[in-house]
Each structure stands twice: as C-alpha cells, then as structure tokens.
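Participant: Give the three-dimensional model of this entry:
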Amino acid sequence: MNRIFRRFVVLVLLAITLATGVTWLTLRALFGDPLDELARRQAAGQIFVLEQYIDQAPADEWLARLNKVREVSAATFELLPLEQALAALPERQRASLRDGAIVLDVAGKGFYRRVDLRGARYIDSEREVLHAQHLPIDVGQALGMEAIRFLIIALFLLVPIGWWSRGHWRDLQALSRVADEMGHGRLTARAAVRPGSGIAPLAGHLHDMAGRIAGLLEARKQLLHSVSHELRTPIARLAFGLELLRGDGADAALERRIAAMEGDVGELNTLVNELLSVTQLDQAPAMQRQPVALGPLLRAAAEGVAPALAGKRLACDIEDDIGICSGDRRLLARALGNLLANGAKYAATTLTLSARRLPHGAIRIVVGDDGPGIPEAARERVFEPFYRLARDADHAAGGYGLGLAIARKAVQLHGGEIAIGRSALGGASFTLTLPGEPAGGADAIAVIEAGVTAGAIAGAVAGAVTGAEAETGAAAGAAPTADLRADAA
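Facilitator: I've put the predicted structure just below:
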C-alpha cells in the first residue's frame with residue numbers, strides 16, 4: 001500500500017466520520033434527537049396498538065382493552081402517577097409529556113404517555129401515565145447498519161482512489177529514482193512515466209532540464225579540453241624562446257628574469273596538464289582493469305611524495321598482506337599522489353598514510369595530517385574543480401583546486417569513494433575505500449609485482465608530486481625527511 005493511498009484512506013474515513021457527526025447534530029437541532037426517531041420506528045407496533053386499539057375503545061372499556069393487550073404482548077404496560085413519570089424523564093422531555101405526547105425512553109426501551117388530559121376514561125385518569133417497557137428497541141443494531149452503510153460508501157470511494165493512486169505512486173517513485181540518479185551525476189537517466197499520468201508534464205520538464213544541464217556540462221568539458229590543447233602550442237613556444245635567450249650569454253639580471261619566467265611557464269604548463277587530466281577523466285567511458293598490487297603502489301607513492309615534504313615527517317602504516325584490487329595502476333597512483341601532495345602542503349609537521357583490508361574485502365586507505373583541517377561545511381565542495389577555501393593558509397599554499405577533483409574522479413571510476421573527516425592529529429583526514437579482489441595468496445601477488453618495477457609506479461606518482469611542487473614553488477633540491485615505516489596491522 002503506497003503512502004498516497006494510506007493518506008487518502010485516513011482522509012476519507014475522517015471526512016465520513018466528520019460528516020456523520022455534523023449531520024447528526026444538524027438533524028438534532030432541527031428535528032430532535034435522531035435516536036428517538038430510530039426508536040419510534042422500532043416501537044411502531046406497540047404505538048399503533050395503543051393509538052388504534054386501546055385509545056379507540058369507549059371510556060368505560062379502555063382499561064379492559066389495556067388488560068387484554070397486557071395478556072398477549074411481550075411488552076409490559078404500567079400505570080404511574082404523573083409526578084413519578086416526570087421525575088424519571090429529563091427536563092427537555094417533560095413538557096412533551098405534559099402535553100400528552102408519546103415520550104420515548106431509548107435507554108430503558110420504553111415510552112411514556114398520559115392516559116388522557118381531561119380525566120374522561122376513569123377517575124383521575126388525567127393524573128396517570130401509561131409506561132410501556134420491554135419494547136423491541138435496539139438502537140445499537142440501527143447504528144451498526146448505519147456504520148455498515150457508511151463503510152460500503154467509503155469502500156466504493158477508496159477502490160477507484162486506490163487504483164488511481166497506485167499508478168500515480170509508481171510514476172512518482174520512478175521520478176524520484178531518476179532525480180536521485182541525476183543528483184549523483186547520471187544526467188542521462190530518464191523516468192518511464194505513462195503519457196496519461198498526471199506527473200507526465202513534470203517528468204518532461206525534468207528530462208528537458210537534465211538534457212540542458214548535460215549539454216552545458218559537455219560544452220564546458222569540450223571548451224576546457226580544446227583550450228587546454230590549444231594552450232600547449234604557445235606554452236611550448238614560450239619555453240623554446242626562453243631557452244634561446246638563455247643560450248645567448250645574457251647577464252646575471254637577465255638570467256634571473258628568465259628563470260622567473262620559466263617558473264611561470266612551468267606553472268602554466270602544470271595547470272594545462274591538470275585541466276587535460278580532468279577532462280580526460282570526465283570523458284572516460286570505461287577503463288581497462290587489471291590486478292594492481294597495492295603494497296608496492298602505496299610504498300612508491302610514499303617515496304614519490306618525499307620531495308614535497310620540505311622537512312616534514314611522513315609516517316606510514318601499511319598492512320603487509322593488503323592484497324590486490326582491480327583497476328588502472330596509473331589512475332590509482334595519481335589519486336594517491338594528489339592526496340599525499342595535498343597533505344604535504346597543509347601539514348604542520350606530520351603526514352600519515354595507513355592502509356588496511358577490511359573484513360568484507362574492501363580496502364581502506366587513510367591520508368591524514370596535522371594541519372588546519374577542512375571545515376565540515378566545505379568538505380564536499382573541495383572536490384569541485386577550481387574550488388579553494390577562502391583562508392590565508394590556502395592562498396599561501398597555492399594550487400589550482402584540481403588535485404582533489406582528479407583524485408575523486410579516479411577513485412569513483414574504480415567503484416570507490418573518498419570521505420573527508422578530522423584526523424587524530426587534528427588536521428584533515430582523507431579516507432579512500434576501494435573494492436578489493438579476493439586474496440590470491442603471496443604467489444599471486446608476487447607474480448603481479450614481478451611485472452611492475454618500482455620505477456614504473458613512481459613514474460605514475462611523479463605527476464602529482466611535480467604538480468604540487470610547481471604550485472607551491474618548492475625547490476627541487478629540498479632535503480625532506482620521511483619515516484617510511486610499513487608496520488603490520
């Protein structure tokens with residue numbers, strides 16, 4: 001039962017209940033208590049005998065006919081003093097009894113009526129009241145019949161509503177799923193909504209909006225890709241021209257200016273390469289997966305970030321038998337390199353790298369530092385391209401705001417995710433969760449490692465570290481210290 005139908009059921013039942021109450025109060029105000037009318041219809045036989053048989057007798061035979069009815073009727077008829085009868089009735093019914101009307105006692109299953117008003121039937125008959133009891137009055141049965149009638153009406157109302165809401169709810173669920181997929185970046189998702197559905201226009205507008213957004217994003221990607229490619233040629237020309245100037249035996253002042261210009265060209269070249277990396281990851285339909293030994297990859301990443309540490313300490317805690325995962329070795333190395341380079345920029349004294357295989361087979365890699373950390377409100381936005389925090393430390397650290405975006409896209413292509421938290425050292429903590437392959441034993445990992453040299457892995461990490469150095473202006477000849485401990489869990 002869908003939520004729309006459940007709400008309709010509650011609303012219909014409440015509406016019927018409210019309508020019944022209002023109807024009863026209205027009828028009571030205009031025509032008297034409806035329960036009295038029900039009781040009068042049920043006691044119609046006894047009232048008919050009283051009015052058409054007993055009351056039609058001559059004055060001297062009235063009591064005789066009353067006694068005959070007593071002998072054959074299941075009801076009982078008693079004569080009571082008028083004062084006693086008035087005392088037994090509520091105030092609103094006493095005037096009716098004084099006027100000679102039949103006054104029903106629904107709770108007592110009986111009625112009261114004066115013998116007559118003038119004392120014509122026997123002596124002091126005007127001072128006595130006929131009290132009939134044990135009449136076939138059953139208001140509960142009548143109310144039950146009314147309830148059944150209202151339930152049948154509610155059922156015939158709810159059946160078409162349920163039929164309508166079922167299709168409507170199914171279309172809403174499909175639209176909700178598509179909206180959720182679009183929120184996760186799958187802008188090609190479409191909802192299969194019936195053309196005659198009430199939400200078909202809404203679904204159409206949503207699909208049109210998603211198409212326009214997808215077109216804008218694709219145009220943006222194509223623009224970045226084209227501009228990045230087009231910028232490579234003038235950058236190469238600038239670098240070549242600076243090299244020619246250097247070779248002409250320029251003086252020391254000119255050499256300093258050339259060196260500064262070469263630094264600027266290097267930064268521009270790094271930015272172009274980062275832009276190309278982002279666009280290539282965005283446009284990658286799929287990647288060729290192969291088993292990747294994570295132990296050598298992690299250790300090579302730790303060694304590759306050493307030039308960017310600038311005197312800071314790197315503490316590694318990598319599980320010995322961490323195993324393998326399926327993916328692209330170059331992309332994984334780039335993601336790790338970007339995270340380590342980011343941590344090296346912001347760490348005050350210490351950068352940490354730990355890796356564990358979880359009980360269910362997934363692999364968790366954590367990169368932490370003791371820097372200023374990342375505010376909770378900005379932990380999602382830092383993965384957006386070109387986004388940088390508005391802090392003095394972030395402007396001093398430099399960068400283009402592309403490293404974390406590249407890292408997240410690379411991890412997502414592997415079916416993993418990155419989460420940001422607070423590290424035990426007080427700074428930022430980046431947690432990578434990757435789907436792991438079933439452990440194949442030391443022999444299988446050794447075969448994988450045999451085909452991958454440390455130099456090849458370090459080469460994949462070098463792009464991230466070189467980019468970090470270009471962004472921050474770190475000297476290539478710095479002599480940082482690193483504590484590369486690979487402790488077993």
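Participant: C-alpha from now on. contacts and neighbour counts both.
Facilitator: Will do.
Participant: Strands of the chain, start to end?
Facilitator: Assigned by DSSP state E, the strands in the chain fall at 76-81, 103-105, 110-114, 128-133, 290-293, 313-318, 324-327, 350-357, 363-369, 417-422, 428-434.
Participant: now the shortest one: how far from the chain's centre is it?
Facilitator: Right, the one you point to is strand 103-105. Relative to its chain's centre, strand 103-105 lies at 61 Å (CA atoms, centre = their mean, to the nearest Å).
Participant: Would you mind checking the average pLDDT for that strand?
Facilitator: Mean per-residue pLDDT for strand 103-105: 90.
Participant: Turn the strands of the chain into a markdown table, columns for mean neighbour count.
Facilitator: Shown next, in a markdown table, are those (neighbours: other CA atoms under 10 Å):
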| stretch | mean neighbour count |
| --- | --- |
| strand 76-81 | 16 |
| strand 103-105 | 22 |
| strand 110-114 | 24 |
| strand 128-133 | 21 |
| strand 290-293 | 19 |
| strand 313-318 | 22 |
| strand 324-327 | 22 |
| strand 350-357 | 24 |
| strand 363-369 | 24 |
| strand 417-422 | 18 |
| strand 428-434 | 22 |
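Participant: Low-confidence regions, the stretch 101-250 of the chain specifically.
Facilitator: 247-250 (pLDDT under 70).
Participant: Swap in 90 and give it another go.
Facilitator: 105-108, 117-125, 136-250 (pLDDT under 90).
Participant: quick one: which of the strands of the chain is nearest L143?
Facilitator: Set against L143 and scored by CA to CA, the strands of the chain come closest in strand 103-105, at 16.8 Å.
Participant: So which of the strands of the chain is nearest H225?
Facilitator: strand 324-327 (24.5 Å).
Participant: now the closest one, how far from the chain's geometric center?
Facilitator: Here the centre of strand 324-327 is set off from its chain's centre by 32 Å, with CA atoms, centre = their mean.
Participant: for stretch 113-122, same thing?
Facilitator: The answer for stretch 113-122 is 78 Å, by CA atoms, centre = their mean.
Participant: got a list of what the residue lying closest to L402 once chain neighbours are set aside touches?
Facilitator: Distance criterion CA to CA, 6 or more residues apart in numbering; nearest residue to L402, sequence neighbours excluded, is P385 at 5.1 Å. If you count contacts by CA atoms under 8 Å, 6 or more residues apart in numbering, P385 has them with G401, L402, L404, A405.
Participant: which of the residues you listed lies closest to G167?
Facilitator: A405 (41.1 Å).
Participant: so where's the longest helix in the protein?
Facilitator: For the chain, the longest helix by residue count, based on DSSP state H, is helix 200-246.
Participant: ok, now which ones touch A19?
Facilitator: Applying CA under 8 Å, 6+ apart, no residues contact A19.
Participant: could I get the strands of the chain as CSV with distance to A43?
Facilitator: Compiled in CSV, the strands of the chain are given as follows (distance: least, CA to CA, whole Å):
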stretch, distance to A43
strand 76-81, 13
strand 103-105, 9
strand 110-114, 8
strand 128-133, 10
strand 290-293, 92
strand 313-318, 93
strand 324-327, 88
strand 350-357, 85
strand 363-369, 84
strand 417-422, 79
strand 428-434, 81
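Participant: ok, which stretches of the stretch 251-400 of the chain are helices?
Facilitator: Along the stretch 251-400 of the chain, the stretches classed as helices by DSSP state H, counting those that start in this stretch are 252-283, 294-304, 329-346, 392-397.
Participant: and those helices, which is most packed in?
Facilitator: Per residue and on average, the most neighbours among those fall to helix 329-346, with a mean of 26 (mean count of other CA atoms under 10 Å).
Participant: who does it touch, helix- and strand-wise?
Facilitator: Packing contacts for helix 329-346, counted by 3 or more CA pairs under 8 Å, 6 or more residues apart in numbering; DSSP states H and E, involve helix 294-304, strand 363-369, helix 392-397, helix 403-413, helix 454-472.
Participant: mind listing what's buried in stretch 173-192?
Facilitator: If you call a residue buried by 16 or more other CA atoms under 10 Å, then stretch 173-192 has these buried ones: A174, L175, V178, A179, M182, L187, A189, R190, A191.
Participant: Restricted to helices, list those residues.
Facilitator: Per DSSP H, the subset of the buried residues of stretch 173-192 in helices is A174, L175, V178, A179, M182.
Participant: Can you redo the residues you listed as JSON lines, where the extra columns are distance to L358?
Facilitator: Below are those laid out as JSON lines (distance: CA to CA, whole Å):
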{"residue": "A174", "distance to L358": "35"}
{"residue": "L175", "distance to L358": "36"}
{"residue": "V178", "distance to L358": "32"}
{"residue": "A179", "distance to L358": "32"}
{"residue": "M182", "distance to L358": "31"}
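Participant: quick one: which of those residues is nearest A203?
Facilitator: Nearest to A203 among those: L175, at 6.7 Å, using CA to CA.
Participant: who touches the nearest residue to the closest one once chain neighbours are set aside in this structure?
Facilitator: Of all residues not flanking L175 in the chain, A191 sits nearest, at 5.4 Å (CA to CA, 6+ apart). When contacts are counted by CA under 8 Å, 6+ apart, A191 is found next to D171, A174, L175, R177, V178, A203.
Participant: Could I get the pLDDT score of the closest residue to A355 other than its chain neighbours?
Facilitator: The shortest distance from A355 to any non-neighbouring residue, by CA to CA, 6+ apart, is to I365 (4.3 Å). I365 is assigned 93 on the pLDDT scale.
Participant: ok, I365 touching L340?
Facilitator: No. Counting by CA atoms under 8 Å, I365 does not reach L340; the two are 11.4 Å apart.
Participant: confidence score at the nearest residue to L66 once chain neighbours are set aside?
Facilitator: Spatial nearest neighbour of L66, chain neighbours left out: I54 (6.0 Å); criterion: CA to CA, 6+ apart. pLDDT, I54: 90.
Participant: Burial check on I54, number of neighbours?
Facilitator: 19 (other CA atoms under 10 Å).
Participant: what sits against it?
Facilitator: Counting by CA under 8 Å, 6+ apart, I54 makes contact with W62, R65, L66.
Participant: Ranking by neighbours, what's the top pick from those residues?
Facilitator: Highest neighbour count within the contacts of I54, by other CA under 10 Å: L66, with 19 neighbours.
Participant: What's the separation between that one and E51?
Facilitator: Using CA to CA, to the nearest Å, L66 is found at 11 Å from E51.
Participant: quick one: pLDDT of Q42?
Facilitator: On the pLDDT scale, Q42 gets 87.
Participant: Which residue is the nearest non-sequential neighbour of A189?
Facilitator: V178 (5.9 Å).
Participant: for the longest helix of the chain, packing partners?
Facilitator: By 3+ CA pairs under 8 Å, 6+ apart, helix 200-246 packs against helix 252-283.
Participant: and if we set it to 10 Å?
Facilitator: Helix 200-246 sits against helix 139-183, helix 252-283, with contacts defined as 3 or more CA pairs under 10 Å, 6 or more residues apart in numbering; DSSP states H and E.
Participant: Could you dump those into JSON lines and include distance to S197?
Facilitator: Output for these, formatted as JSON lines (distance: least, CA to CA, whole Å):
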{"stretch": "helix 139-183", "distance to S197": "7"}
{"stretch": "helix 252-283", "distance to S197": "35"}
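Participant: Give me the pLDDT for the residue of the chain most remote from its centre.
Facilitator: Distance from the C-alpha centroid of the chain peaks at D60, with 87.0 Å (CA atoms, centre = their mean). With respect to pLDDT, D60 has a value of 86.
Participant: I'd say it and L66 touch.
Facilitator: No. Judged on CA atoms under 10 Å, D60 makes no contact with L66 at a distance of 11.6 Å.
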